[in-house]
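S.K.: Got a predicted model here, sequence first, then my questions.
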Protein chains: 2
Amino acid sequence: MNIDNKPAVILIAPQMGENIGAAARGMLNFGLTDLRIVNPRDGWPNPKAVDMAKGAKDVIKNAKIFTSLKDATHDITRLYATTARTRDMVKKEYDARQTAAEILKNYGKSAIMFGPERSGLNNDDITLADAVTIIPVAPIYTSLNLSQAVNIMCYEWFVAQSESAVVDADDGNQANHLATKEDLANLFEHLESELDKTDFLKIPDKRPKMVRNIRNIFSRNDMTEQEVRTLRGIIKSLTNR
Amino acid sequence: MNIDNKPAVILIAPQMGENIGAAARGMLNFGLTDLRIVNPRDGWPNPKAVDMAKGAKDVIKNAKIFTSLKDATHDITRLYATTARTRDMVKKEYDARQTAAEILKNYGKSAIMFGPERSGLNNDDITLADAVTIIPVAPIYTSLNLSQAVNIMCYEWFVAQSESAVVDADDGNQANHLATKEDLANLFEHLESELDKTDFLKIPDKRPKMVRNIRNIFSRNDMTEQEVRTLRGIIKSLTNR
């Protein structure tokens, strides 16, 4: 886990100084200070940004201004592009929480970038990213304010690093032996293939939901490798009777 | 799990119309619409709130205004008090994510309340809550903007209900009959008015704290309507002897 190397926040062509200031405030609330801005619409410095930053004025004062994304990311090893919707691009996609987890796994320097208020990131900027980050929103109103989007990403990073600090502390014992996703996937396939031989999942309409329900039972409780092995042994015994 | 009964957001004496508007926008981004406001500082309606709400103007238009927390929570069975720090009170504490999980477990109607920008919730308001919600922040700057705090709670609820939508539907209805906050408020008034006829609360300096302690005993344990009726019957019996 990498909890010392905090991610940078990159704002591409932000329009409103108020949003830049509110973003800086949200960053510092969650312990982040590396703010980079590419081509702010109203130039720099921006008094409205300073005003809205409240107790985070130093984040604004120390923000670095660039004229291209290439320059802004010169030292970045992992770049996440926050977008409101899936683009037609072959690119890994993570939600906000998954992105935070990915950032912690990266030993280099990560950055999360955000596009202008009106249009969001363009495809050329997204192309430079390692992955796309989508903050889940309700279909009824999908337009997140820029500073709220920054806020949520910083919050997720902060929660993730707090939790991983705890895990690191008692590493060496059970946390090391958690089942991998592959172990779990194999368990599910095993179980479902056996259930498919019975009447249990026979109603086609209900099958997807039942499968999800079953998987959820096992997905949410941090099973160890040994426990997964035990379960597979049980399935085997029952089906071989 | 309860995913149809969405939580209400209650703002106590909010000062800035801009924050009310931004809170409404954040609510709708995450599918929430039940906004209740107790004693907004600048009166109501507030044009700045409408302006900042952007695409969520209907949330502002449909907001309900109250003059007391009791009225605002008349139909609420589970109330969460968002505070920046631990208070000296015997009360369950959850972080933002745990609160979202708790809301989904409640079969009644939940609400999350937020205090004024400058001071946060006062102890009397917190006393009426079932639990305290603390949004984790970095020690370097703990002052969250009101709308950002609302935003994070709504986001956590949205993510939690998305995940639980799959689990769902295996529980009975044991929690259907939780007492409303109005039931509880009436119980408190009944009890305190009877106690005021005795020496129990007679020292004026100590009364507020004693009342809070008593209310806390009954606020944190998910009482049902029937239990509240039973308690009121007990009070009546004891005082009519």
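M.R.: Looks like it arrived, so ask away. All figures in this text were calculated on a predicted structure; none of them were measured in a lab.
S.K.: excluding its backbone neighbours, what's nearest A:M52?
M.R.: Spatial nearest neighbour of A:M52, excluding adjacent residues (C-beta to C-beta, 6 or more residues apart in numbering or on different chains): A:G21 at 2.8 Å. (Each C-beta comes from the backbone N, C-alpha and C, glycine too.)
S.K.: elements contacting whichever strand or helix holds that neighbour?
M.R.: Here A:G21 is covered by helix A:17-29, with elements defined by DSSP states H and E. If you count contacts as 3 or more C-beta pairs under 8 Å, 6 or more residues apart in numbering or on different chains; DSSP states H and E, helix A:17-29 packs onto strand A:8-12, strand A:35-38, helix A:47-53, helix A:57-61, helix A:146-169, helix B:146-167.
S.K.: out of the ones you listed, deepest packed?
M.R.: Comparing the helices and strands packed on helix A:17-29 by mean neighbour count (mean count of other C-beta atoms under 10 Å in any protein chain shown), strand A:8-12 ranks first with a mean of 25.
S.K.: Paired strands for it, with orientation please.
M.R.: Using DSSP bridges, strand A:8-12 pairs in its sheet with strand A:35-38 (parallel), strand A:110-114 (parallel).
S.K.: Turn those into JSON lines, including mean pLDDT.
M.R.: Below are the strands paired with strand A:8-12 laid out as JSON lines (pLDDT from 0 to 100):
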{"stretch": "strand A:35-38", "mean pLDDT": "98"}
{"stretch": "strand A:110-114", "mean pLDDT": "95"}
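S.K.: Could you find the closest non-adjacent residue to the most centrally placed residue in chain A?
M.R.: The structure's chain A has its C-alpha centroid closest to A:T99; by C-alpha atoms, centre = their mean the separation is 1.8 Å. Spatial nearest neighbour of A:T99, chain neighbours left out: A:T133 (4.4 Å); criterion: C-beta to C-beta, 6+ apart.
S.K.: Any stretches of chain A with poor pLDDT?
M.R.: A:1-4, A:86-90, A:107, A:165-182, A:213, A:215-223, A:237-238, A:240-241 (pLDDT under 70).
S.K.: Enumerate the residues of it near chain B.
M.R.: Within chain A, the positions near chain B by C-beta under 8 Å from any C-beta of the partner chain are A:22, A:25-26, A:28-31, A:54-56, A:97, A:135-138, A:140-145, A:147-148, A:151-152, A:155, A:158-159, A:162, A:209, A:212-213, A:216.
S.K.: What subset of those is buried?
M.R.: A:22, A:25-26, A:28-31, A:56, A:97, A:135-138, A:141, A:144-145, A:147-148, A:151-152, A:155, A:158-159 (16 or more other C-beta atoms under 10 Å in any protein chain shown).
S.K.: contacting residues for A:S147?
M.R.: The contact partners of A:S147, by C-beta atoms under 8 Å, 6 or more residues apart in numbering or on different chains, come to A:E18, A:N19, A:I20, A:G21, A:A22, A:A23, A:R25, A:G26, B:Q148.
S.K.: Output those in TSV; the columns should cover distance to B:E192.
M.R.: Listed next are the contacts of A:S147 as TSV, based on distance: C-beta to C-beta, whole Å:
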residue	distance to B:E192
A:E18	46
A:N19	48
A:I20	50
A:G21	46
A:A22	43
A:A23	47
A:R25	41
A:G26	42
B:Q148	37
